[in-house]
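A.B. asks: 3D, please:
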Amino acid sequence: MLYFEDLVKTLELKAPDKEIALIFCGDFNSSPSNGVLELMRKQHIPPDHKDWTSNVDEAVENLLLINPIRMESACGTPLYTNYTEGFKDCLDYIFYQANRFNVSQVVPLPSEEELSANVGLPSVVFPSDHVSLVADLTWVTNKGS
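C.D. replies: Model (predicted):
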């Protein structure tokens, strides 16, 4: 995230008359209870977070991760963005810079009934094992500018 902070600052210097903001989206392979969502929303993962010891052979000690840019999830944390026969959870996010954007609308996600109609994803109806996330974001406008 420090890279993104540096990138935003560099772009702001190169184009001071432009609004620069960060949108970071994709398959993060991280359920809402994992550290990625906490890093984005709360801007840190504390040294005692359960993720650091989730794999005993690769345990990490005394590490604090800090994210200097507060991000929010445009679609929240749906029950499922990945729905297969053996695994069902939210893994995908559209993170946006919370002080630069507002979410104006989100395309509704399919119901569990629709997702399970063909056992899971991918299927003839949904060609990916992930549900598409779609949101409209609008710029936050500063009063007086």
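
A.B. asks: can you pull the contacts of the nearest residue to Leu65 once chain neighbours are set aside?
C.D. replies: If the residues on either side of it in the chain are set aside, Leu65 comes closest to Ile45, at 4.4 Å by CB to CB, 6 or more residues apart in numbering. All C-beta spots, glycine's among them, are computed from the backbone N, C-alpha and C. By CB atoms under 8 Å, 6 or more residues apart in numbering, Ile45 lies in contact with Gly35, Glu38, Leu39, Asp51, Trp52, Leu63, Leu64, Leu65.

A.B. asks: and the fourth one, that one's in a helix?
C.D. replies: Yes - under DSSP: H, G, I helix; E, B strand; the rest coil, Asp51 falls within a helix.

A.B. asks: I figured Arg70 hits Phe101, correct?
C.D. replies: No - Arg70 is beyond contact range of Phe101, at 11.4 Å (criterion: CB atoms under 8 Å).

A.B. asks: the residue most central in space within the chain - nearest residue in space that isn't next to it in sequence?
C.D. replies: When CA atoms, centre = their mean is applied to the chain, the residue found nearest the centroid is Tyr93 (3.2 Å). Leaving aside its sequence neighbours, Tyr93 sits nearest to Ser73 (CB to CB, 6+ apart; 4.9 Å).
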